[in-house]
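[1] Next input, structure requested:
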Amino acid sequence: MTTMRKALDISAYLVVGPENTLGRPVPDIVAAAVHAGFTCVQIRSKEASAREMIDLLRQSADAIAAAGKADAVALLVDDRLDVALAARDAGIKVDGVHVGQSDIPPAVCRHYLGEDAVVGLSARTRELLAYVREADVRDIDYFGAGPLHETATKPDCGLDDTGRVITRSFAELADLAKASPIPVVVGGGVKLPDIPPLAATGVAGFFVVSAVAGAENPGEAATALASSWQKHACRTP
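    You can find the predicted model right below:
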């Protein structure tokens, strides 16, 4: 049987939590994105309790299954290895975790979640290219990188030691895609006009929060983003 780790597709990646949806239910946003062609969903919240996160994962897993995509769309949880384990123990199909540099180490996540789980890691902001070339990627399936632009949904994203936000140019991202031994997904304020040049860099995909979860019509926004990626990534050498 093909595991989600082997089938992982991060080309169109939604990050969402209750603080991002303008008061709309998280599973409704997830369902709209998955129907539109999004291939990966990460539940992320700095406000929700562990039990609330587990419930969000259950509802999101149900939404993905109802779309017939349970074997094609990975469902991940940000940071919370404990939540992932508790959700799995409750019978919820959670495929893995995404962690940052200051979170639980990927090796620990791999140990507890097993070889079939997906483990993503936010790439280090400083000395990015050197880091991805030298990082131990045995327990990591992809790097998350950015920000492409400054973003209100994660204002600390891309901060250097002085507190300055370091955004990434398309040229830098092209170099990153070539240097990284594992796939790279890029986010941070990504909008529809960014998709063609981002696809041309050779990265594996894009991730968004507000561009879908904060859109007036999340389904239409997700369809436009996913369709543009599919169109332009196919032209990338």
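[2] remind me which residues of the chain are low pLDDT?
    Flagging of the chain using pLDDT under 70 yields the residue ranges 1-2, 151-165, 234-237.
[3] Would you map the helices across it?
    Taking DSSP state H as the test, the helices found in the chain are 4-7, 26-36, 50-66, 81-89, 106-113, 128-134, 170-179, 195-199, 210-213, 218-233.
[4] Adding mean neighbour count and distance to residue 119, write those helices out as a markdown table.
    The C-beta positions use only the backbone N, C-alpha and C, and glycine is treated the same way. Listed next are the helices of the chain as a markdown table, based on neighbours: other Cβ atoms under 10 Å; distance: least, Cβ to Cβ, whole Å:
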| stretch | mean neighbour count | distance to residue 119 |
| --- | --- | --- |
| helix 4-7 | 16 | 9 |
| helix 26-36 | 24 | 21 |
| helix 50-66 | 19 | 16 |
| helix 81-89 | 19 | 10 |
| helix 106-113 | 17 | 5 |
| helix 128-134 | 15 | 16 |
| helix 170-179 | 16 | 19 |
| helix 195-199 | 20 | 23 |
| helix 210-213 | 24 | 24 |
| helix 218-233 | 19 | 23 |
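[5] Using JSON lines, lay out these together with distance to residue 19.
    Formatted as JSON lines, the helices of the chain follow (distance: least, Cβ to Cβ, whole Å):
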{"stretch": "helix 4-7", "distance to residue 19": "26"}
{"stretch": "helix 26-36", "distance to residue 19": "10"}
{"stretch": "helix 50-66", "distance to residue 19": "12"}
{"stretch": "helix 81-89", "distance to residue 19": "16"}
{"stretch": "helix 106-113", "distance to residue 19": "24"}
{"stretch": "helix 128-134", "distance to residue 19": "27"}
{"stretch": "helix 170-179", "distance to residue 19": "27"}
{"stretch": "helix 195-199", "distance to residue 19": "25"}
{"stretch": "helix 210-213", "distance to residue 19": "9"}
{"stretch": "helix 218-233", "distance to residue 19": "15"}
